[in-house]
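Asks: please work out how this folds:
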Amino acid sequence: MKRALAILALLALAAQPALAQKTKTAPADAAVAALEVCETFARGDVLAVEEAVAAGWDAYDQESESPFVRSYAGGRELPGIGWADLFVLVETYPDRVLGYCRIDVADTNAKGDRVVEALTGLDRYAGETFKDAHGAYASLSGTGAEDSLLITHWDDIGFVIQLTILTPKAGE
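Replies: Down below sits the predicted model:
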């Protein structure tokens with residue numbers, strides 16, 4: 001019995017370092033996940049707040065100025081990038097919905113060339129990129145049926161994702 005307990009204790013001690021390791025998210029993966037949250041909001045998805053909260057965002061509805069305007073805000077630490085502030089505006093027009101989502105990270109934790117490359121490398125966007133000594137910049141349009149526009153950059157000032165999606169209203 002003592003021998004079995006000793007073996008179990010040794011196994012537990014050997015497994016402890018592996019159990020204690022945290023799963024790290026690469027900054028590029030965190031940026032793509034943040035863009036996906038923006039896409040959900042900008043499409044006008046009524047479950048966007050719940051989905052953002054499930055993804056680790058402190059997201060919430062903001063008081064709106066009109067029945068045709070909804071706004072949201074939130075924030076979270078993006079692994080390897082820094083603290084991100086989220087702002088969303090969804091405007092409803094007679095024949096379409098305009099969704100605007102912006103994520104700002106003012107104090108970035110790393111170099112961002114790969115983060116911008118990860119976003120420009122997504123098949124659902126295509127456009128122009130530019131790099132200089134100050135940063136990496138991209139102006140992209142959606143490649144699918146969705147009418148989307150994406151500007152992203154990482155420079156001396158910070159990291160930005162700025163997304164606009166125009167969605168036809170149902171039945172239009």
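
Asks: for the residue most central in space within the chain, report the pLDDT, please.
Replies: Centrality entry for the chain: nearest residue to the mean C-alpha point is Ala34, 0.6 Å, by Cα atoms, centre = their mean. Ala34 is assigned a pLDDT of 98 by the prediction.

Asks: cool, and Asp155?
Replies: 93.

Asks: pretty sure it is touching Ala133, no?
Replies: No: counting by Cβ atoms under 8 Å, Ala133 is not a contact partner of Asp155; they are 9.7 Å apart. Every C-beta, even on glycine, is put in place using the N, C-alpha and C of the backbone.

Asks: so which of those two has more stuff around it?
Replies: Set side by side, Asp155 and Ala133 show more neighbours around Asp155, with 17 against 6, by other Cβ atoms under 10 Å.

Asks: and the residue nearest to that one when sequence neighbours are not counted, bridged to which residues?
Replies: Among residues not flanking Asp155 along the chain, Gly135 sits closest, at 2.8 Å (Cβ to Cβ, 6 or more residues apart in numbering). Here Gly135 sits in beta bridges with Asp132, Asp155, as judged by DSSP bridges.

Asks: confirm Cys38 sits in a helix?
Replies: Yes: judged by DSSP: H, G, I helix; E, B strand; the rest coil, Cys38 forms part of a helix.

Asks: how about the contacts made by it?
Replies: The contact partners of Cys38, taken as Cβ atoms under 8 Å, 6 or more residues apart in numbering, are Leu86, Val88, Cys101, Arg102, Ile103, Ile161, Leu163.
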